[in-house]
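In: Fold the following, please.
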Amino acid sequence: MSNTETEPAHVRPAGETDGEPPAGTVRVDVLTPRDVPLGGPRAMTVRRTLPQRSRTLIGAWCFADHYGPDDVRATGGMDVAPHPHTGLQTVSWLFSGEIEHRDSLGSHAFVRPGELNLMTGGHGISHTEVSTPRTTILHGVQLWVALPEEHRGTARAFQHYVPEPVRTGDAEISVFLGSLAGAVSPVPTFTPLLGAEILLRPHTAVTLAVDPGFEHGLLVDQGTVRLADAVLAPAELGYVPPGPGTLTLANESDDLARTVLLGGTPFEEEIVMWWNFIGRSHEDIAKAREDWQNSSDRFGVVEGYPGDRLPAPALPHAIITPRRNPPRH
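Out: Residues are numbered from 1 along each chain as shown. Alright, predicted model coming up:
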């Protein structure tokens, strides 16, 4: 997915508190999304929770778009022309619909519900994403993972994985990265990460053992979910800093709740994130933009898309400065 924001707006700071919570309690900051048009004359709107001013990353997760249920007959669905990425991995996860993926590695795959598509664009890659004619309702998340400095120039790659859901009490969990509830994803990552879809029956709860060294973010897709003492509405994300060894989720609605749990060790590096590029300096970004505009071999060529590449937007008239999370308490 291409990021249409080059100077993103930011929403209210998440979880402003009057001090630290009492010992033994789980602190939850609530991050609210903003609406962003994906592009095109009938732009499909996505809800963006990361990044925002108060939180740039959760672990190495640096970008979270949540979209749908989207009636493609009304919006035209997803049609993202060839565009580049550097310094990151893209994670595609659908709840409904189907997306056709092509990239400059030569990969041609379909993103379907319950199936992970992970693309690595270290030094450079380009790809397209188009909802298929079979799709009537498009619904899912697009996530990005920042690569650490030592792996930022890694070669392009693509992986597909179908996790087997596991049951824990009244919850059904599909772990697509990392490990949770006894399920382990075989997909390797460059930093410790967790990514899982969790379905929870109406008016039930589940307590999950988690890595206390991870920070976590729970994105609610449907239902009203209580995370510790915080109630999360659909499209909100609850952030939990490192420390707790368990997380309790409770579905307080009459319908099935669906959430995506993200986690990872705090990513201590500063990143520069602009358009579809992640670097460490303004110069990194300017070079990546120049290479894309000049059709450099750095990004390769996507075959099979009936249209032109996306041009890069103009660079801002100011130095793009690094961003990191606020200091931890």
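
In: where does A74 fall, helix, sheet strand or coil?
Out: Secondary structure for A74, judged by DSSP: H, G, I helix; E, B strand; the rest coil, is helix.

In: quick one: low-confidence parts of this protein?
Out: Within the chain, the stretches with pLDDT under 70 are 1-24, 38-43, 328-329.

In: In three-state terms, label the most centrally placed residue in it for me.
Out: Against the mean C-alpha coordinate of the chain, by C-alpha atoms, centre = their mean, the closest residue is L143 at 1.8 Å. Taken by three-state DSSP, the conformation at L143 corresponds to strand.

In: helix, strand or coil for I319?
Out: Reduced to three states with three-state DSSP, the structure at I319 is coil.

In: ok, it - how many residues close by?
Out: Neighbour count for I319, taken as other C-beta atoms under 10 Å: 12. For glycine as for every other residue, the C-beta is placed from the backbone atoms N, C-alpha and C.

In: Can you tell me the closest non-neighbouring residue to it?
Out: Of all residues not flanking I319 in the chain, H282 sits nearest, at 4.8 Å (C-beta to C-beta, 6 or more residues apart in numbering).

In: my read: that neighbour touches M273, true?
Out: No. Here H282 lies out of contact with M273, judged by C-beta atoms under 8 Å, at a distance of 11.7 Å.

In: Who has more neighbours out of these two?
Out: Neighbour tally, H282 and M273, criterion other C-beta under 10 Å: the higher count belongs to M273, 24 against 17.

In: Please enumerate the strands of the stretch 51-200 of the chain.
Out: 61-71, 79-85, 88-96, 99-103, 108-111, 116-121, 125-131, 137-146, 157-161, 166-168, 171-177, 179-180, 183-184, 193-200 (DSSP state E, counting those that start in this stretch).

In: Tabulate those (JSON lines), appending distance to A235.
Out: Formatted as JSON lines, these follow (distance: least, C-beta to C-beta, whole Å):
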{"stretch": "strand 61-71", "distance to A235": "6"}
{"stretch": "strand 79-85", "distance to A235": "21"}
{"stretch": "strand 88-96", "distance to A235": "13"}
{"stretch": "strand 99-103", "distance to A235": "20"}
{"stretch": "strand 108-111", "distance to A235": "21"}
{"stretch": "strand 116-121", "distance to A235": "22"}
{"stretch": "strand 125-131", "distance to A235": "20"}
{"stretch": "strand 137-146", "distance to A235": "11"}
{"stretch": "strand 157-161", "distance to A235": "26"}
{"stretch": "strand 166-168", "distance to A235": "25"}
{"stretch": "strand 171-177", "distance to A235": "20"}
{"stretch": "strand 179-180", "distance to A235": "22"}
{"stretch": "strand 183-184", "distance to A235": "26"}
{"stretch": "strand 193-200", "distance to A235": "16"}
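
In: Of all those strands, which one comes closest to R53?
Out: strand 61-71 (13.9 Å; C-beta to C-beta).

In: Which residues belonging to the closest one are considered buried?
Out: Neighbour-count burial for strand 61-71 flags 61-68, 70 (criterion: 16 or more other C-beta atoms under 10 Å).

In: do the same with stretch 127-142
Out: For stretch 127-142, using 16+ other C-beta under 10 Å, the buried residues are 127-132, 135, 138-142.
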